[in-house]
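Trainee: sequence and predicted structure below; questions after.
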Amino acid sequence: MSGPQGHGVSVRIGHCGKTFADGTHALEPASLDIARGETLVLLGPSGCGKTTMLRIIAGLEEPDEGGKVLFDGKDVTAIPIERRNVGMVFQSYALFPNMSVAENIGYGLRIRGIPATERAKRVAELVALTNITGLEHRRIDQLSGGQRQRVALARAVAIRPGILLLDEPLTALDAALRYRLRGELNRLLRALGITAIYVTHDQSEAMELGDRIVVMRKGAIAQIGSPREIYFEPKDRFVAEFIGAANIVEASLDDGHLILPGGRQAIAGGTSQPAVVAMIRPESIGIVDVEAAPLRGQVESVSFVGDRQRVVVVGASPKPLTVDAPNTIQVDAGDRVGLSIASKAVRLLPPEA
Amino acid sequence: MVLRLEEQGHHHLLSHRSFVGLCLLPLAAVTVAFFLLPMARLLVTGAEGPQGLAGYVSILAEPRYRATLINTVLLAAATTVVTLVVATIAGIFLQRHRFPGRAVLIAMLTFPLAFPGVVVGFMIILLAGRQGLIGDISSLLAGERLVFAYSIYGLFLGYLYFSIPRVILTIMAAVQKLDPGLEEAARSLGAGPWAVQRDVVLPALAPAFVASGAIVFATAMGAFGTAFTLATNIDVLPMLIYTEFTLAANFATSAALSVGLGLITWVILALARSFSGSAVAAAG
Amino acid sequence: MRDRLIFTGQFLFTLLVAAFLVVPTALSITAGVTTNYFRGIQSGLTLQWVAQVWDLYADTIGLSFLIAFATLAVTLLAGVPAAYALHVRGGQLSRLVEEIITLPIAIPGLALALALLLTYGGFGAFRRSWLFILAGHVVFTMPFMVRSVMAIFASVDIKTLDEGAASLGASPWRRFRDVIVPNAVPGILAGSLMVVTLSLGEFNLTWMLHTPLTKTLPIGLADSYASMRLEVASAYTLIFFIMIIPLLVAMQMFAERELTR
C-alpha cells in the first residue's frame, strides 16, 4: 500500500456541495482528505453523487458557495480543469476520433509544448506500459473496447498528472474483460503510486482497487473506511446491503442473545434490548447437525452456483436466511437443518431513522 | 516531473464560460440585425395603416382577403393530402422491394429536390402550358388543347412537383426504421396484408406523416416562386402580399398579411414538432 | 398471384410519379438545345440558345456564386461556433436561441424580405448592393448550418471530448481548434452543401431584395420565363441544372453515408 511516499498531490475537499440549476441537490456539503499516493474509491448506486464529487475535484463542476478543493494545500477551487494538471479517464473514454492512438496519448504533451522527440519517447513508454504496442497508428474506431480503455488510461497518465481521476472506466466493457482489466489497472496504479480517485458502482471493483472506500448514498457520504472495515463493520443497513450480500435480522435482544423463531443466537458483547437490527453475512453461517444446534430452520431452496451453493433457510429468523454453504455438503429443499453462527459474525446496526 | 500549473497554455485568461459566450456573439449580431429587428419593424408596420392595429383584424374581416386566405388554406391542404398519399405508396414500395433499376427510380424521384419554385413553375408550363406536353396529347386525342398551367390547378400541380420528392425521402427513411418484427408479430397473430398495413405500418408512420405533412402545408402556404412564374393573378396569399406591396404600395396591409402568413406557418410547424417530437422545417 | 398484382400496380404507380417529375425536366433540357421547340427535335440541335443565355445572363451566374460563397463564409464563421456554444451550454436559454434562429425556416421568405425592406430600404447604398441580398440569404440558411453541425455534436458526444481535451490541459480555443472543429467536419460539410444549394436557388427573398443591378440566377430565370422565348428559358434552366446537380449528388452521397453508418 502506498503511503506518504507516493507520487502526486494530496487532496482536501472542504465542505463541497452541489446544487444544479434546476434545484436538485446532487451532493450535500461533504469533506474528505485524500493522501498523496492513495487510491480512493467513490462507491454507490447511480445518482448517489459520486460522479459529481469527482467532477468537482477535476474542475469540471464548481462546488456551491463555501466549498473548497485543495491540492497539496493550495486552493484550486477557481482554477479550471485545463490548469489543474489532473489526468482523467472518462466512462466513454472521450478519445478524439480525429487523432490516431499515438496522437491521442501525446495530445496533453503537445499542449504543454513538449518537443516532438521527447513526446514520441514518452508515448512509446506508455504504449509499452499499457500493452498496446502495434496500435499506435490505428484510428480510434479501429480499436476494441479494452484497447480504448488502455489508450484512455495511457493518455491520462502521459501528462504525469498530480492526480488520476477515473470515472467508471470499466463499465462499458463486458464482464470477463472487466475482470481482467481490473487486475491490470490495480497493478498499474500500484506501480505508478499516484494519487487516484476511482468512481464505480461495482463493489467488487471497489474492494480490489481501493485503499479506502467512500460509500455514498443520495448525495451524502454513508461511510468511509478500508475495504475490510466497510465489509465487516458497515455503519448502517444501507452500507451492509450495498456491499456484498447481507441477512438483516430484526429481533429482540435478551442477555446477549437474539431471540429468534428458530432458537437463540449469541452475539458479541450484547446486553438486553427490546428491538435491534443485526446483520449476518451469508458466508458466516454454517449448516450443522440439527440436533445439537441452538438455531434451527428448514431448507426452502438450494441453488448450486459452482464454487458454492446458496441455501435459503426459513423458520430460523423472521425472514428467510441466505446461507453460502460449501459445494460439498448435501442438503435438499425440505430438510431440517441446524445453523451455526459465530457470535462475532453478528453485527448490530443502528436502528432505522 | 509534475508540470507547474502556471506553465500550461497561453489562453488561460479566457474562462470557458466567456469563450462559449464569445462563440454566440457573431450569430447573435446577425440574428438581431437582420432578423429580430426587421421582424419587429414588420409587426409595427402592420399596425401603421389608416386603420391602426385594426389592420390586423382586416385580414380576416375584409371579404377579399378572407377569400384569398381560405383559397390558400384549401390549396395547401389539398397539396398536403395528395402528396402524402402519393409519396406513401411510392415510398413504401421503394423501401420494401429490391428490383433492377430501383436506384435509378429513386434518383429520378428525388432529383427535383433542389429546384427553386421558379424552376418548378417552368416545369409546369412545359407540362401544362400553351406549348405543353399535356396540350399536345389532348389535342391529338380529343382535338382540343388542354391548358391549365396558369390557373390554380397549375399551381396545385407545381406544389405536388415540389413536395413529392421531399416526402418520399422522409417516408422511405421512416419505413426503413420500422421494426420488421412488428409486422411479423401482427402476421403471427393472424393479420392479413391489409390489416398489417392498417394496424401496424400506417400507425407507425404517423409521426413521419405529421412532420412531412406540416412541412408541405407550410411550404404551400408561403411559396411564392411557383405562383409568380405561372401568373400574377392567381388568388393566393403570397401573391396578394406581393401585389399589395409592389403594385399598390400598401405597406401596412402587406406587412399585416405577412405577419398573419408567418404566424400560420410557424404555428403549423410548431404543432407538428410538438406532436412528432422531431425537428420540422419548411423548405423553399 | 395477388402479390404479383399488387407489386405491378405499385410499380406502375411509382413509375407514373417518376414520369411526372422527370418528363418536364427532360422536355426542358431538350428545348434548351433544340433549334425550334415548336417544330420539335427534327428542327435540329443547337447550342445557340445556351450561348445567348451566356451573353445575356453570365453576370447573374457570377453574382449567384459570389452570394452563395459569401453566405457560406458567414454561416460558417457565425454558425459553427454558435452550434458549439448552444450544444455545450444547453438549458432553457439555448433552446430559446435555437428556436429563434430556426424561425426563418418557418416564416415565408416573402415576409422576411418585406421585413428587411421595411427596415433597411432607406439605407440607399446598402439597399442597392448585393450585400442586401446576402443578409437575407444568411438569415435564411443559417439554421441549416447550425442544425447540421449540432446534429453531429450530439452524435459524437462532443461535450465529453471537450472535457477530455480540457483534462489534458487544452485551453477553450485550442479545444475548439484541435477537437471540436475536426470532429464536426461531416456536419460542417453537409451544412455547407445545403447552404450553397439553397442560396443558389433562392428566389422568394431575392426577388424582393434585388435591384436591376443585383440580379441573381433565379431572378434571371424568372425574367427569362416571363420575357424570353421558350428555348432561351430552357437553355438557362439547363445551365442551372448543370450547376446544381453536382451539389445534389454530393448531398445524396452524404445522406447515404449517414444511413449506412
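Mentor: Nice, thanks for sending it over.
Trainee: any part of the strand or helix carrying C:Pro182 near chain B?
Mentor: Using DSSP states H and E, C:Pro182 sits in helix C:181-183. No - using C-beta under 8 Å from any C-beta of the partner chain, helix C:181-183 never reaches chain B; the gap is at least 11.6 Å. The way it works is simple: take the backbone N, C-alpha and C, and place the C-beta from them, glycine included.
Trainee: any idea how far the closest residue in space to A:Arg110 that isn't next to it in sequence is from chain C?
Mentor: Spatially, and ignoring its direct neighbours in sequence, A:Arg110 is nearest to A:Arg119 (6.6 Å; C-beta to C-beta, 6 or more residues apart in numbering or on different chains). In this view, A:Arg119 and chain C are 13 Å apart by C-beta to the nearest C-beta, to the nearest Å.
Trainee: got it, and B:Gly46?
Mentor: With distances taken as C-beta to the nearest C-beta, B:Gly46 is found 10 Å from chain C.
Trainee: in contact with that residue, which residues?
Mentor: Contact partners of B:Gly46, counting by C-beta atoms under 8 Å, 6 or more residues apart in numbering or on different chains, are B:Gly55, B:Tyr56, B:Ala252, B:Ala255, B:Ala256, B:Ser258, B:Val259.
Trainee: intersect these with the contacts of chain C.
Mentor: Answer for the contacts of B:Gly46 near chain C (C-beta under 8 Å from any C-beta): B:Ala255, B:Ser258, B:Val259.
Trainee: so what's the spatially closest residue to A:Ser226 that is not a sequence neighbour bridging to?
Mentor: Sequence neighbours aside, A:Arg212 is the residue nearest to A:Ser226 in space, at 5.8 Å (criterion: C-beta to C-beta, 6+ apart). Counting by DSSP bridges, A:Arg212 is bridged to A:Leu40.
Trainee: A:Arg212: neighbour count?
Mentor: Neighbours of A:Arg212 under the rule other C-beta atoms under 10 Å in any protein chain shown: 18.
Trainee: pretty sure it is touching A:Ile224, no?
Mentor: Yes - if you go by C-beta atoms under 8 Å, A:Arg212 and A:Ile224 touch, sitting 6.3 Å apart.
Trainee: B:Val196 reaches B:Pro180, doesn't it?
Mentor: No - in this structure, B:Val196 is not within contact of B:Pro180 by C-beta under 8 Å, at 11.1 Å.
Trainee: who has more neighbours, the two?
Mentor: Counting neighbours by other C-beta under 10 Å for B:Val196 and for B:Pro180 shows that B:Val196 has the greater number, 18 against 8.
Trainee: show me where chain C dips below the pLDDT cut-off.
Mentor: C:1, C:258-261 (pLDDT under 70).
Trainee: my bad, chain B
Mentor: Low-confidence segments of chain B (pLDDT under 70): B:1-14, B:232, B:277-284.
Trainee: please parse it into its domains.
Mentor: Following automatic domain parsing, chain B resolves into domains at B:1-46, B:58-276.
Trainee: just say which of those domains is most tucked in.
Mentor: Stretch with highest mean neighbour count among the domains of chain B: domain B:58-276 (a mean of 19; mean count of other C-beta atoms under 10 Å in any protein chain shown).
Trainee: hey, where'd the helices end up in the stretch 1-150 of chain C?
Mentor: C:2-32, C:48-89, C:91-106, C:109-120, C:124-128, C:130-156 (DSSP state H, counting those that start in this stretch).
Trainee: closest one to B:Asp235 among those?
Mentor: Closest to B:Asp235 of those, according to C-beta to C-beta: helix C:109-120, at 15.7 Å.
Trainee: does the helix or strand that contains B:Ser18 reach chain A?
Mentor: Here B:Ser18 sits within helix B:16-31, counting by DSSP H and E. Yes - judged by C-beta under 8 Å from any C-beta, helix B:16-31 comes into contact with chain A at B:His16.
Trainee: who touches that helix?
Mentor: A:80, B:14, C:74, C:77-79, C:81-82, C:84-86, C:88-89, C:97, C:100-101, C:138-139, C:142, C:146, C:166, C:172-173, C:176.
Trainee: shouldn't A:Leu109 be in contact with A:Arg160?
Mentor: No - the criterion here is C-beta under 8 Å, and A:Leu109 misses it with A:Arg160 at 9.4 Å.
Trainee: buried stuff in the helix or strand where the residue nearest to A:Arg110 lies?
Mentor: Counting by DSSP H and E, the element that carries A:Arg119 is helix A:116-129. For helix A:116-129, a neighbour-count test (16 or more other C-beta atoms under 10 Å in any protein chain shown) marks A:Arg119, A:Arg122, A:Val123, A:Leu126, A:Val127, A:Leu129 as buried.
Trainee: I am finished for the moment; much appreciated.
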